[in-house]
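>>> test case, fold it:
(2 chains)
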Protein chains: 2
Amino acid sequence: MKALETYTVGFAGLGLMGGAIALALRSQGIIREEGRILAYDHYPDTLALALAEGAIDRGFDAPEAMLSQCDLVFLCLNPTTLLRFMENQMASFRRGTLITDIAGIKGSIAAAMERSLRPDLDFIPGHPMAGSELGGFIHARRCSFQGKNYILTPLARNKPENLALLKTLIYRMGFGRITETSPKEHDRKIAFTSQLCHVIAAALIDCEVDPEITRFGGGSFEDLTRIAMINAPMWTELFLENREELLGRIEQFERSLDTLKGYIARDEGCVLQQCLQTVRERRTAMR
Amino acid sequence: MKALETYTVGFAGLGLMGGAIALALRSQGIIREEGRILAYDHYPDTLALALAEGAIDRGFDAPEAMLSQCDLVFLCLNPTTLLRFMENQMASFRRGTLITDIAGIKGSIAAAMERSLRPDLDFIPGHPMAGSELGGFIHARRCSFQGKNYILTPLARNKPENLALLKTLIYRMGFGRITETSPKEHDRKIAFTSQLCHVIAAALIDCEVDPEITRFGGGSFEDLTRIAMINAPMWTELFLENREELLGRIEQFERSLDTLKGYIARDEGCVLQQCLQTVRERRTAMR
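Modelled structure (predicted):
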């Protein structure tokens, strides 16, 4: 088996996450010697900047020529763009290529790959939990992987050696914990920890028009709404692609909020305090 | 007028915030020379620790003897305890003492002081926006004031020289911005930036029992729920003391959340994306 450091790694999409992974592969010495980092992106300026910063060895304005050279491809595209890309480019991949992605939903992507992936290709769906409210390659250097979570939702057909290689690469990039789970469980959990949180942050900002409101901030408001500086097209896709799970989580949250509101409205200090104490203990146990 | 650095400053309550202010007065050299820092606290261990760390010069297990010596008193008590303390100790203050507090609600406190404060005393209601999910004097050193907000809701009767002195002291402790406003406006804004955020964090944790949920966290969930590690008795008081404003803010938030839920449920990608874009721009302008 070819050594990881000599792989030719290709990125389809060199935004914040694609860029951050490319930079990590290079700066951690994961890809070196004759190994190469290639990227296809829609924006020539992004490729020029990535070349100038040494994050990639070569940029491509069309995917075919890049894909035919790669041992490993990171698809760093929004979910619907990713699915369209795979449909259009299925024939362009080199025989036996290992493919992975970074999309924040896994069910629809895993299902499409189970259904229509070329038999010789190996696609391991993944989700690095290390985003930021700052988007684009230009902010990729500020994206830290140190100690962060990475979720993999392997397919039954994935080759064990490819899964092992991808996990090695993930840990070497600095991630602290890899969780392997099913696409369905991923989407169920992420609807809560990520999508619901973004919906809440957006709803909070939707409530308030005063641009001077931060005069009254002590950290809570800032922490709860930082993620309202959202990549609107991407999150629209993520919310709608995971609609059922997300709606279930919103409704569950609404019920909990309504319970707390009831305690406050009815001035029920004892039961409110007991509830807050339980919440405190539960959250503390989650650290 | 006596120089600030020679003041005798007393703390009624030496928890996280009282402790952090005492430490700042000392470490920033704000109180020095013949100036002294005194504290009354219910817990002897707290006073012993604060003495050992040099945060205070003397501890008191009853307030009277301390209050009779102070030029400036920080009341660092929960709102209802504070009101009871002022009722019981009104006669114990030295003539002309400047008093301030740190409570997260201001309406009921300002009203009580307008009504019943001894004529020679000067009470300036305040709210340092620099709390933490970690409580108690033991964590006071980890409480940073650097660049934080401090709200003052001065009473009409406050002496200008006392207000100026308190503001000097606040900036010298490291706070970045003082906002003067009415108690009503404070409570209205804080219901949103602080109390609503705490209710949301509590409701989020109320939704989820999996202690391993942080495997699926990428920062958003952690940021939104850190404050769920709440001081349950204090926040119960704050929620209930500001009930009307808080209920209004919860309902406003529920309406915004319901609007977003509707877009998702009806698969309205265009209007959802437009809404998220507006939210992004509004939050970005708040920085």
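>>> helices of chain A, residue ranges please.
Under the criterion DSSP state H, chain A carries helices at the ranges A:16-27, A:44-52, A:63-67, A:79-89, A:107-116, A:160-172, A:183-190, A:197-206, A:220-225, A:232-241, A:243-265, A:269-285.
>>> which helices and strands does the last one pack with?
So that's helix A:269-285. Secondary-structure packing of helix A:269-285 (3 or more Cβ pairs under 8 Å, 6 or more residues apart in numbering or on different chains; DSSP states H and E): helix A:243-265, helix B:197-206, helix B:232-241. Using the backbone N, CA and C atoms, a C-beta is placed for each residue, glycine as well.
>>> how many residues are close by the residue in the stretch 51-200 of chain A positioned nearest to chain B?
Proximity of the stretch 51-200 of chain A to chain B (Cβ to the nearest Cβ) peaks at A:Met129, 3.0 Å away. Applying other Cβ atoms under 10 Å in any protein chain shown, we find 24 residues neighbouring A:Met129.
>>> residues in contact with it?
Neighbour list for A:Met129: A:148-151, A:194, B:216-219 [criterion: Cβ atoms under 8 Å, 6 or more residues apart in numbering or on different chains].
>>> out of those, which is nearest to B:Asn158?
Nearest to B:Asn158 out of the contacts of A:Met129 is B:Gly219 (Cβ to Cβ; 42.6 Å).
>>> list the ones among the contacts of A:Met129 that fall in strands.
Of these, the ones assigned to strands by DSSP state E are A:149-151.
>>> for chain B, tell me which of these show up nearby.
The overlap between the ones in strands among the contacts of A:Met129 and the neighbours of chain B (Cβ under 8 Å from any Cβ of the partner chain) comes to A:149, A:151.
>>> got the contact list for stretch A:210-219?
Outside stretch A:210-219, the residues that reach it (Cβ under 8 Å, 6+ apart) are A:221-222, B:129-131, B:148-149, B:151, B:177, B:179, B:186, B:189-190, B:192-194, B:227, B:282, B:285-287.
>>> for A:Glu244, see how far away the nearest residue in space to A:Ala112 that is not next to it in sequence is.
Of all residues not flanking A:Ala112 in the chain, A:Leu83 sits nearest, at 5.6 Å (Cβ to Cβ, 6 or more residues apart in numbering or on different chains). Remark: distance between A:Leu83 and A:Glu244 (Cβ to Cβ, to the nearest Å) = 18 Å.
>>> show me which of these two is the more surrounded one.
Taking neighbours as other Cβ under 10 Å, A:Leu83 and A:Glu244 compare with A:Leu83 leading, 20 against 13.
>>> quick check: pLDDT value at that one.
On pLDDT, A:Leu83 comes in at 97.
>>> give me the neighbour count for A:Ala111.
There are 14 residues near A:Ala111, going by other Cβ under 10 Å.
>>> domain-wise, how is chain A divided?
What automatic domain parsing lists as the domains of chain A is A:4-181, A:186-285.
>>> for chain B, what are the nearby residues on the stretch 1-150 of chain A?
Going by Cβ under 8 Å from any Cβ, the residues of the stretch 1-150 of chain A near chain B are A:129-131, A:148-149.
>>> report the two of those separated the most.
A:Gly131 and A:Asn149 (11.3 Å).
>>> turn the helices and strands packed on helix A:269-285 into TSV, columns for mean pLDDT and distance to B:Phe60.
As requested, those are exported to TSV (pLDDT from 0 to 100; distance: least, Cβ to Cβ, whole Å):
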stretch	mean pLDDT	distance to B:Phe60
helix A:243-265	98	36
helix B:197-206	96	32
helix B:232-241	95	22
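>>> state the distance from A:Pro211 to B:Leu14.
37 Å.
>>> more neighbours: which of these two?
B:Leu14 (28 against 11).
>>> dump the residue contacts of that one.
Taking Cβ under 8 Å, 6+ apart as the test, what B:Leu14 contacts is B:22, B:39-41, B:46-47, B:50, B:55-56, B:76, B:137.
>>> do the same with A:Leu169
A:4, A:25, A:30.
>>> what's the answer for A:Ile56, then?
So A:Ile56 contacts A:11, A:14, A:22, A:37-39, A:47, A:50 (Cβ under 8 Å, 6+ apart).
>>> quick one, which of the residues you listed are buried?
A:11, A:14, A:22, A:37-39, A:47, A:50 (16 or more other Cβ atoms under 10 Å in any protein chain shown).
>>> any chance of these in CSV, plus pLDDT?
Putting these into CSV (pLDDT from 0 to 100) gives the following:
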residue, pLDDT
A:Phe11, 98
A:Leu14, 96
A:Ala22, 97
A:Ile37, 98
A:Leu38, 98
A:Ala39, 98
A:Leu47, 96
A:Ala50, 96
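>>> just the residues you listed now: which is nearest A:Gln277?
A:Ala22 (46.7 Å).
>>> any idea how far A:Leu247 is from that closest one?
36 Å.
>>> with A:Ala228 instead?
20 Å.
>>> wait, which of the contacts of B:Leu14 is closest to B:Ala156?
Among those, and counting by Cβ to Cβ, the member closest to B:Ala156 is B:Cys76, at 24.7 Å.
>>> so what's A:Gly13 up against?
A:40-41, A:75-77, A:81.
>>> most neighbours, which of the residues you listed?
A:Cys76 (26 neighbours).
>>> phi first, then psi, for it.
phi -120, psi 60 (degrees, to the nearest 10).
>>> for the nearest residue to it once chain neighbours are set aside, give me its contacts.
Distance criterion Cβ to Cβ, 6+ apart; nearest residue to A:Cys76, sequence neighbours excluded, is A:Gly18 at 3.1 Å. Neighbour list for A:Gly18: A:11-12, A:39, A:41, A:74, A:76, A:102, A:137, A:140 [criterion: Cβ under 8 Å, 6+ apart].
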